[in-house]
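Q: need the 3D shape of this:
(2 chains)
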Amino acid sequence: MSFVPIFTLTVLTVAMVLVFARLVRGPSLADRVVALDVLTAVAIGFIATYVVATGATALLDAALVLALVAFMATVAFARFVEHQSPPEETT
Amino acid sequence: MIVNTLLLVGALFVLVAALGLVRLPDLLMRMHAATKAGTLGAGLLLIAIAVSSPETSVVARAAATIVFLLLTAPIAAHLIARAAYHTGEAALWEHTCVDELAASIEEQAPPAETPDGADGPRPRPEGFPPPAAAADRPTDA
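A: So this is what the prediction gives:
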């Protein structure tokens, strides 16, 4: 692996650590959901950099699926955030 | 060369998104940093794939992933922001000086009572936590 992909992976690792700090600390649930969203973006970035560095293009499918699943998770969490406060919620 | 530039710029954008997520003071500002910069960074890294190995299958998958990211990021951000604002999870920054949504909600709210049952699937119960003046909003519009 040459220098630039390794440097890119390092920067992405720093970004992931920062996002994880927000995920742990985030005062509200919505903060954590946003952090999870960014975490999947960072993971997609990891996959993309690895594919560029090694040519293992099969991993692109993983990136695609990750993007889709992250969206579903975010929508589900958003509905959960919206519904959790009223105690007598039935729907 | 182009691939290296794309990789570095993409990683930089992701780093900026992460920094914004950590440093900015309230939820909506954090989303402002995270959604746009994060999506752009991941998209640039995916473009790097497409440039580095220009085969049809690879480019198609990278393009599909970018399109999905660009389509879903605004929807997801809108949903979270809306849910957090209306449940009062998003405490605004203390120095926020314009909250047009609160003013708009207050303006829309009828003076006395809401037509119960006629306003969508979930009539909002009383005792909703802040944001102030958003407690009895009639519709989900």
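
Q: middle-most residue in chain A, spatially?
A: The structure's chain A has its C-alpha centroid closest to A:Thr40; by CA atoms, centre = their mean the separation is 1.6 Å.

Q: which residues sit in contact with that one?
A: Contacts here follow CB atoms under 8 Å, 6 or more residues apart in numbering or on different chains; on that basis A:Thr40 touches A:66-67, A:69-70, A:73. Every residue, glycine included, has its C-beta placed from N, CA and C.

Q: tell me the pLDDT at A:Thr57?
A: At A:Thr57, the pLDDT value in this model is 86.

Q: helix/strand/coil for it?
A: coil (DSSP: H, G, I helix; E, B strand; the rest coil).

Q: that one: neighbour count?
A: A:Thr57 has 17 neighbours, counted by other CB atoms under 10 Å in any protein chain shown.

Q: touching, it and B:Val58? I think so.
A: Yes: counting by CB atoms under 8 Å, A:Thr57 touches B:Val58, with 4.9 Å between them.

Q: buried residues in stretch B:14-28?
A: Using 16 or more other CB atoms under 10 Å in any protein chain shown as the test for burial, stretch B:14-28 gives B:14-22, B:24, B:26-28.

Q: closest to B:Ile66 out of those?
A: Ranked by distance to B:Ile66 (CB to CB), the buried residues of stretch B:14-28 are led by B:Val14 at 14.5 Å.

Q: hang on, that closest one packs against B:Gly41?
A: Yes: if you go by CB under 8 Å, B:Val14 and B:Gly41 touch, sitting 3.5 Å apart.

Q: who touches both of these two?
A: Any residue near both B:Val14 and B:Gly41 by CB under 8 Å, 6+ apart counts here, and that gives A:41, A:45.

Q: state the pLDDT value of the residue nearest to the centre of chain A.
A: 92.

Q: from A:Val33, how far off is it?
A: Between A:Thr40 and A:Val33 the distance is 11 Å, computed by CB to CB, to the nearest Å.
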